[in-house]
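J.: got a sequence here, can you build the structure:
(2 chains)
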Amino acid sequence: MADDARPITRGFPRPAPTRDAAPFYEAAARGELRFQRCSGCGAFRHYPRPTCPSCLSREFSWELSTGRGVIHTWTIVRGPTLPAFEAKLPYNVVDVLLDEGVHFVSEVLDVAPDEIRAGMRVRAVFEPVDEDLVLVKFRRDD
Amino acid sequence: MNEVDPAHLPRIRDAAAIVGIGQTPFAKSLGRSEPEMAVDAIWAACEDAGLSPRAIDGLVRYDMEQFDEEQVLAALGNPLLRWFCGTPFGGGGSASVVVLAAAAIAAGMADTVLVYRSRARGKASGYGRDPKQGGRYWEKLPESLPGLNQWHVPQGLVSAFQEMAMISMRHRIDHGTTDDQYADVAIAFREHAIRNPAAVMRTPMTRADHHASRMIADPLRLFDCNIETDGAVAMILTSTERARDLRQPPAIVHTGAMAAGSHHIRLSTLFSRPRDEDSAVRVGRQLWQSSGLSPADVDVAFFYDFFTSMVIIALEDYGFCARGEGGPFVENGGLAWPDGRLVCNTNGGQLSEAFIHGFNNTTEAVRQIRGTSTSQVRDCEIALVAGANSDPTGAFLLRRA
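T.: So this is what the prediction gives:
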């Protein structure tokens, strides 16, 4: 079977958030990075969930993040990958440790593959995919 | 962190044995259905044990398996199943199937338990839109993501090899692990595969070959990744007592353990926890606590070699060396038969034999205990088999009777 005939996913794979996660995407659409913050112990957490993993409190609020942090680890995807991402190969994926202490998987824009380093300071930016979806990406912050 | 209370050792200990193993040929593409391959492997395992398929009364299914309980029962002439379960978490569940089978036998819930895995996983073997319909599952992810993969797939992190690349990169950042050390793992397992007629990859690999293979996701090259193959593997377990009367020398499940923590895919939560809370580290501690053995007692080990880098990390997870020393451990043929520090994956593993989700590593561990491997470890008494590390995972020790 020719590669272009293989039964694979060709569209952009989109988040389908539950009610737990919807506030994150609503904030991103407004240009804000917000995480759940425990009302009991003050710990930030990501991904969204009903309970604080540190103190088990179920009280929380959605707090604004500074959007600043460092690259904890990274890869350069050189392919194969899904067709939705093939046009930007090679591209980076990074795990950002935000100053609030949470890890977030994203991409650093406008940085060449050989410039990515652990410890690089980055800040959040908001990248529309289309009319209905904004993803949180990062840029260098130095 | 004492996870096994010495006063209440798990009753799984020495209660069950693997008494039959079977497999199909392995190849990049076989052009056969998963049910057809599964039945071939199950029949071969029953034949090897000297038991009728109708003797099967327990079944452990791997959750990524297409050939489910209902189809298995129909294909086996409807044996009177009285216990069944499945294990989730991809490669992390590959050894847990044996732990669950042994637990059922130890608890008296079943006498003769089947475990199996059938995969049309070659790149060209996809035949439909469902992720379980052959080929690469990740190429058929849904376009709408309600689960936790919504936090990384839209960012372009779409598959296990990319996630493992990021975990491997962090290990390099912390410990300076090198390309040469990755090559040491790949070459050792390739040498094992060359002696194994069932292996798919039997061409010699040099360090230069490894370094020249194309980068897939930094720091992982093509030759750091498991191969993409078709094939099926099945095993039959029964009580150690009953095993004495059967055809083959039993491979006794000495002890086994499972642990759940952060899923490797959830990098956002994985990296929020210290590495000594990783599932594989906790499974290792449980194995040593519940057996009274230590890594030094292991004659041959089978790590879930989805990537060379993860074998290096597994050596640390299971206590064969200190954290950060896995790289130096594999140097100079550290994992190679016959004289390595710890001979590993003597079938060639998933890097060079076949990628049957680790089940082919388990059958090779049984051959080591029987004394029939093509890279046989002398006087092999204890074998370790581990599921994928950095997952919720499981592992077990096999011993000779």
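J.: how about low-confidence regions in the stretch 1-150 of chain B?
T.: Along the stretch 1-150 of chain B, segments meeting pLDDT under 70 span B:1-2, B:7.
J.: ok, and the closest non-adjacent residue to the spatially most central residue of chain B?
T.: Centroid-nearest residue in chain B: B:Gly358, 2.7 Å away (criterion: Cα atoms, centre = their mean). Excluding its sequence neighbours, the residue lying closest to B:Gly358 (Cβ to Cβ, 6 or more residues apart in numbering or on different chains) is B:Ser94, at 3.1 Å. All C-beta spots, glycine's among them, are computed from the backbone N, C-alpha and C.
J.: what of B:Leu9?
T.: B:Ser290 is the one closest to B:Leu9 (Cβ to Cβ, 6+ apart), at 5.6 Å.
J.: how about B:Gly176, what does it touch?
T.: B:Gly327 (Cβ atoms under 8 Å, 6 or more residues apart in numbering or on different chains).
J.: how about 7 Å then?
T.: With contact set as Cβ atoms under 7 Å, 6 or more residues apart in numbering or on different chains, B:Gly176 has no partners.
J.: can you give me the offset of the longest helix along chain A from its chain's centre?
T.: For chain A, the helix reaching the highest residue count under DSSP state H is reported as helix A:22-29. Offset of helix A:22-29 from its chain centre (Cα atoms, centre = their mean, to the nearest Å): 12 Å.
J.: now do stretch B:126-144
T.: Taking mean C-alpha positions (Cα atoms, centre = their mean), stretch B:126-144 and its chain are 22 Å apart.
J.: quick one: the strands in the stretch 101-250 of chain B?
T.: B:112-120, B:144-145, B:215-217, B:220-221, B:230-239 (DSSP state E, counting those that start in this stretch).
J.: need these in a markdown table with distance to A:Arg123 and mean neighbour count, can you?
T.: Shown next, in a markdown table, are those (distance: least, Cβ to Cβ, whole Å; neighbours: other Cβ atoms under 10 Å in any protein chain shown):
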| stretch | distance to A:Arg123 | mean neighbour count |
| --- | --- | --- |
| strand B:112-120 | 44 | 28 |
| strand B:144-145 | 26 | 14 |
| strand B:215-217 | 25 | 23 |
| strand B:220-221 | 29 | 24 |
| strand B:230-239 | 47 | 28 |
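J.: now these in JSON lines, please, with extra columns for distance to chain A.
T.: Shown next, in JSON lines, are the strands of the stretch 101-250 of chain B (distance: least, Cβ to the nearest Cβ, whole Å):
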{"stretch": "strand B:112-120", "distance to chain A": "13"}
{"stretch": "strand B:144-145", "distance to chain A": "4"}
{"stretch": "strand B:215-217", "distance to chain A": "5"}
{"stretch": "strand B:220-221", "distance to chain A": "8"}
{"stretch": "strand B:230-239", "distance to chain A": "14"}
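J.: now the helices for chain A?
T.: So, for chain A - with DSSP H - the helices run A:22-29, A:83-86.
J.: what residues does chain A have near chain B?
T.: Taking Cβ under 7 Å from any Cβ of the partner chain as the criterion, chain A approaches chain B at residues A:1, A:6-9, A:11, A:13-18, A:46-47, A:72-78, A:81-82, A:85, A:91, A:93, A:95, A:103-107, A:118, A:135.
J.: okay but A:Leu82 is in contact with B:Gly156, surely?
T.: No - judged on Cβ atoms under 7 Å, A:Leu82 makes no contact with B:Gly156 at a distance of 8.0 Å.
J.: low-confidence ranges in chain A?
T.: Using pLDDT under 70, chain A drops low at A:1-5.
J.: coming back round to it: how about the residue nearest to B:Gly358, phi and psi?
T.: Dihedral angles of B:Ser94 (phi, psi; degrees, to the nearest 10) stand at phi -70, psi -30.
J.: from B:Ala365, how far out is it?
T.: 12 Å (Cβ to Cβ, to the nearest Å).
J.: what of A:Glu127?
T.: A:Glu127 is 48 Å from B:Ala365, by Cβ to Cβ.
J.: of those two, give the one with the bigger neighbour count.
T.: B:Ala365 (29 against 15; other Cβ atoms under 10 Å in any protein chain shown).
J.: how close does the more buried one sit to chain A?
T.: Using Cβ to the nearest Cβ, to the nearest Å, B:Ala365 is found at 32 Å from chain A.
J.: again with B:Gly387
T.: On the measure of Cβ to the nearest Cβ, B:Gly387 and chain A end up 23 Å apart.
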